[in-house]
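Visitor: here is a sequence together with a model predicted from it:
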Amino acid sequence: MEEVRTTAAWVASRATHVKVDPLEIENVVNSIQGLVPKVEWDFEGIHYFDDGPLTVQYLFVLDAINFCFWPDQELSYDHLAHGLKSALQKDKCALDADRLQSYTGPQLHELLNWPRPLPLEEERIRLLHEVGLELERNFGGEAANLVKASGKSAANLVTLVTRHFPGFRDHSVYKGHQIFLYKRAQIFAADVWGAFKGQGYGEFYDIKSITIFADYIVPAVLRQLGVLKYSSSLSSSVDTKAEICSGSEEEIELRACTIHAVEKMRDIIQSKFGKQVLSVEMDLWLWSRGVQNSALPHHRTLSIYY
Ligand SMILES: Nc1nc2c(c(CN[C@H]3C=C[C@H](O)[C@@H]3O)cn2[C@@H]2O[C@H](COP(=O)(O)O)[C@@H](O)[C@H]2O)c(=O)[nH]1
């Protein structure tokens, strides 16, 4: 995760479309007196949980296809989380490794009880097949074994996931440098930690090493707070809902500056208020703010990573 931090900082120091405003960071931190409002994991009450390995399987499948809901105006993350939960409640084998390898697009949206094809459905299917095949080949079919293999380290878990499952390799190249963002791999570690409340499968001694998850909601919240400032051309693209190309400088700056700004917020909370805050806690606070404000304009990139 050090690579995520350092490469995000590298982008932030060269960015021309997005600026991180240090004064506004101070203002935000002062306004909450260094106390990040606590938001419970699964504050929405939509996730499957049975305190066992099936929950880990559920979270891994969920995060394998946790991206790009916005092209369908009525679809959101909640439908995916809740749809997979209902599918498991009806059939405990619905997410078994062999079944994952055989799903077709129509079967997937039927499984989720969604009446039409999902955005990037073919990519979602490809990723489910990849997850099923590799889980079967190296982890006895169970994502729980992947978590066990991490030795209670969130950083190891992210490394294992990105090493074994190419669909989680959320990298980009910016001005000739490789930039690591790892949104879905990190959110999987955080989801296991959150769901199991830091115990059992969710026990990670280094959960603090995780960064915030650079999606399309958190940058919109940071912009609303004044922490991120966009160039006029980027502002107009976001506000008019124009598509921003995957891998473009604008897109990478939006994501990297989001990570960097939150790391700076953590630093100030630590230095000024003497409190250690996890990026996961910052993420739950900022993300929940964003999804509760559907009027907030967010950037639109067709991407399998977030
Ligand atoms: N940074 C960050 N991004 C997150 C999540 C989650 C869900 N995490 C669960 C874990 C615990 C909580 O209780 C949450 O339920 C989804 N996303 C991203 O949001 C976008 C979906 O937006 P919309 O189209 O409006 O549904 C999309 O990019 C999706 O990948 C998060 O936690 N942090």
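Guide: Alright, I've got the coordinates. Numbers count the residues shown, from 1 in each chain.
Visitor: low-confidence ranges in the protein?
Guide: Counting by pLDDT under 70, the chain shows no low-confidence range.
Visitor: which bits of it sit near the ligand?
Guide: 41-44, 66-67, 69-70, 76-77, 187, 191, 194, 213, 215-218, 283, 287, 291, 306 (Cβ under 6 Å from any ligand atom). The C-beta positions use only the backbone N, C-alpha and C, and glycine is treated the same way.
Visitor: OK, contacts around residue 56?
Guide: Taking Cβ atoms under 8 Å, 6 or more residues apart in numbering, we find residue 56 in contact with 142, 143, 144, 146, 147, 192, 201.
Visitor: grab the nearest non-local neighbour of residue 155.
Guide: Here the nearest residue to residue 155 in space, its sequence neighbours aside, is residue 209; by Cβ to Cβ, 6 or more residues apart in numbering that works out to 5.0 Å.
Visitor: identify, by residue count, the longest helix of this protein.
Guide: Longest helix in the chain, counting residues (DSSP state H): helix 249-273.
Visitor: circling back to that earlier point, from the contacts of residue 56, which two are the most distant?
Guide: The span of the contacts of residue 56, defined through Cβ to Cβ, is set by 142 and 192 at 13.1 Å.
Visitor: higher neighbour count, those two?
Guide: More neighbours surround residue 192 than the other of residue 142 and residue 192, with 28 against 18 (other Cβ atoms under 10 Å).
Visitor: for the stretch 101-250 of the chain, what spans make up the strands?
Guide: Here the stretch 101-250 of the chain has its strands, by DSSP state E, counting those that start in this stretch, at 171-174, 177-180, 228-230.
Visitor: who does the one helix or strand residue 82 maps to touch, helix- and strand-wise?
Guide: In this assignment (DSSP states H and E), residue 82 forms part of helix 77-90. Judged by 3 or more Cβ pairs under 8 Å, 6 or more residues apart in numbering; DSSP states H and E, helix 77-90 is in contact with helix 53-64, helix 105-111.
Visitor: can you pull the buried residues of the first one?
Guide: Of the residues in helix 53-64, 54, 55, 56, 57, 58, 59, 60, 61, 62, 63, 64 count as buried by neighbour count, 16 or more other Cβ atoms under 10 Å.
Visitor: what's the answer for the shortest one, then?
Guide: Buried residues in helix 105-111, counted by 16+ other Cβ under 10 Å: 108, 109, 111.
Visitor: which residues touch the first one?
Guide: In this case it means residue 108. The contact partners of residue 108, by Cβ under 8 Å, 6+ apart, come to 118, 121, 124, 125, 128.
Visitor: now, those that are in helices?
Guide: Short answer: the contacts of residue 108 in helices (DSSP H) are 121, 124, 125, 128.
Visitor: wait, the last one touches residue 100, no?
Guide: Same thing as residue 128. Yes - the pair residue 128 and residue 100 qualifies as a contact (Cβ atoms under 8 Å) at a distance of 4.9 Å.
Visitor: so these two - more neighbours on which side?
Guide: Using other Cβ under 10 Å, the more surrounded residue of residue 128 and residue 100 is residue 100, with 25 against 21.
Visitor: surely residue 57 meets residue 93?
Guide: No - if you go by Cβ under 8 Å, residue 57 and residue 93 don't touch, sitting 10.3 Å apart.
Visitor: so how far is the helix holding residue 82 off the chain centroid?
Guide: 18 Å (Cα atoms, centre = their mean, to the nearest Å).
Visitor: what of stretch 148-160?
Guide: The answer for stretch 148-160 is 17 Å, by Cα atoms, centre = their mean.
Visitor: could you check how far residue 142 is from residue 47?
Guide: Distance of residue 142 to residue 47, given as Cβ to Cβ, to the nearest Å: 18 Å.
Visitor: now the helix holding residue 82 and helix 53-64, what's the angle there?
Guide: On the basis of axes from the mean of the first three to the mean of the last three Cα atoms, to 10 degrees, helix 77-90 is oriented at 150 degrees to helix 53-64.
Visitor: next SSE after helix 77-90?
Guide: helix 97-100.
Visitor: mind listing what's buried along that next one?
Guide: For helix 97-100, by 16+ other Cβ under 10 Å, it's 97, 100.
Visitor: got the CA positions of that helix in PDB?
Guide: Coordinates of each C-alpha in helix 97-100 appear next as PDB, following Å, rounded to 0.1, in the frame of the first residue of the first chain:
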ATOM      1  CA  ALA A  97     -16.300 -21.600  -7.500                       C
ATOM      2  CA  ASP A  98     -17.700 -23.900 -10.200                       C
ATOM      3  CA  ARG A  99     -20.900 -21.900 -10.400                       C
ATOM      4  CA  LEU A 100     -19.000 -18.700 -10.800                       C
END
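Visitor: can you tell me what sits against that helix?
Guide: Here helix 97-100 makes contact (Cβ under 8 Å, 6+ apart) with 61, 93, 128, 129, 131, 132, 133, 135, 136, 141, 142.
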